[in-house]
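Asks: My questions are about this predicted structure, shown below with the sequence.
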Amino acid sequence: MRAGLRGVGRLARLVPHVLHGLWIVRRRFRHMTAAQRHERIHWWSARTLRILGIELTASGHAPPQGHLLVANHVSWLDIAGIHAVLPQARFVSKADVKHWPVVGELVVGAGTLFIERSSKRDALRVVHQTAAALQAGDCVAVFPEGTTGAGPELLPFHANLLQAAVATGAPVLPVVLRWHEPGERFSTAARFIGDMTLAQSLWAIATARGLGLDVQILPSVATAGQDRRVLGETLRGAISARL
């Protein structure tokens, strides 16, 4: 009963917050500087986590610009978690997210790059887009597992998008995401796996008690002369060891 009331209360506060974010994207983003957009993304993301009762902790520092961010992937809220710490990150996401109600428009507004994962030609296009963004000084973020996992053990890393960093000599920034809750070092409430729908996941998170997200920014990794597959294994090992 308490969990249900907690969930209803949080969702009642989340709805106007999401609609406010949608209004900002539609009406104000085009008039803002990049720094102003980043400030709004940071505010909106951090408040989203607070509304859902998620305690955020962060450690480490990111280089000022021009790097590829690589993180493990557990929840659809991973993006909000990273944006609450690194609002300048432009994510590479599967194309169908663009068509999610409301969420799609928000991630488009945040400068997300979309990829058709089943198409090798489209993957090459996104590699070129990512390389151009890195050369322009952007921070581009990818989840090399390609999908969400349970948390403790990482799925294999897909190294294709790492080629953009290798080709441009941009450093790679490993980021560790660990969702936790009382009695669970790796949260089950935050997991978005199997046949779970977005609505089911949102309810599990909204009703959870003491849910937390630890964002750890590890030292950047140089890419000069690296093979992308070897680089992928190096990054996977670094993130796995910290988990």
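Replies: Ah, there it is. Numbering: from 1, shown residues only.
Asks: So which residues of the chain form strands?
Replies: Applying DSSP state E to the chain gives strands spanning 55-59, 67-71, 89-94, 113-115, 139-142, 172-180, 212-217.
Asks: got TSV for these, with distance to Gly232, mean pLDDT and mean neighbour count too?
Replies: Where C-beta positions appear, they are placed from N, C-alpha and C, glycine not excepted. Listed next are the strands of the chain as TSV, based on distance: least, Cβ to Cβ, whole Å; pLDDT from 0 to 100; neighbours: other Cβ atoms under 10 Å:
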stretch	distance to Gly232	mean pLDDT	mean neighbour count
strand 55-59	24	97	14
strand 67-71	9	95	26
strand 89-94	15	85	20
strand 113-115	17	78	20
strand 139-142	11	93	26
strand 172-180	10	96	22
strand 212-217	19	97	20
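Asks: looking at the ones you listed, which is closest to Asp122?
Replies: strand 113-115 (5.9 Å; Cβ to Cβ).
Asks: From Phe186, how far out is Leu68?
Replies: Using Cβ to Cβ, to the nearest Å, Leu68 is found at 26 Å from Phe186.
Asks: Please report the distance of Ser75 from Gln65.
Replies: Taking Cβ to Cβ as the measure, Ser75 falls 27 Å from Gln65.
Asks: These two: which is more packed in?
Replies: Between Ser75 and Gln65, counting by other Cβ atoms under 10 Å, Ser75 is the more crowded of the two (23 against 12).
Asks: The more buried one contacts Arg191, doesn't it?
Replies: Yes. Counting by Cβ atoms under 8 Å, Ser75 touches Arg191, with 6.9 Å between them.
Asks: Now for those two: what residues contact both?
Replies: Here Ser75 and Arg191 have Thr148, Trp179, Ser201 as joint contacts, going by Cβ atoms under 8 Å, 6 or more residues apart in numbering.
Asks: which among these gets closest to His83?
Replies: The closest of the shared contacts of Ser75 and Arg191 to His83 turns out to be Trp179 (Cβ to Cβ; 15.7 Å).
Asks: Return the residues in contact with that closest one.
Replies: Applying Cβ under 8 Å, 6+ apart, the residues near Trp179 are Val74, Ser75, Gly151, Phe186, Ser187, Ala189, Ala190, Arg191, Leu211, Gly212, Leu213, Asp214.
Asks: Dig out what it forms beta bridges with.
Replies: Beta-bridge partners recorded for Trp179 (DSSP bridges): Leu213.
Asks: From Val8, how far off is Trp203?
Replies: Taking Cβ to Cβ, one finds Trp203 at 10 Å from Val8.
Asks: Settle it for me: which of those two has more neighbours?
Replies: The neighbour count for Trp203 versus Val8, taken as other Cβ under 10 Å, is higher for Trp203 (18 against 12).
Asks: tell me the contacts of that one?
Replies: Contacts of Trp203 (Cβ under 8 Å, 6+ apart): Gly7.
Asks: Next, format the shared contacts of Ser75 and Arg191 as a markdown table and append distance to Asp96.
Replies: Formatted as a markdown table, the shared contacts of Ser75 and Arg191 follow (distance: Cβ to Cβ, whole Å):
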| residue | distance to Asp96 |
| --- | --- |
| Thr148 | 14 |
| Trp179 | 23 |
| Ser201 | 16 |
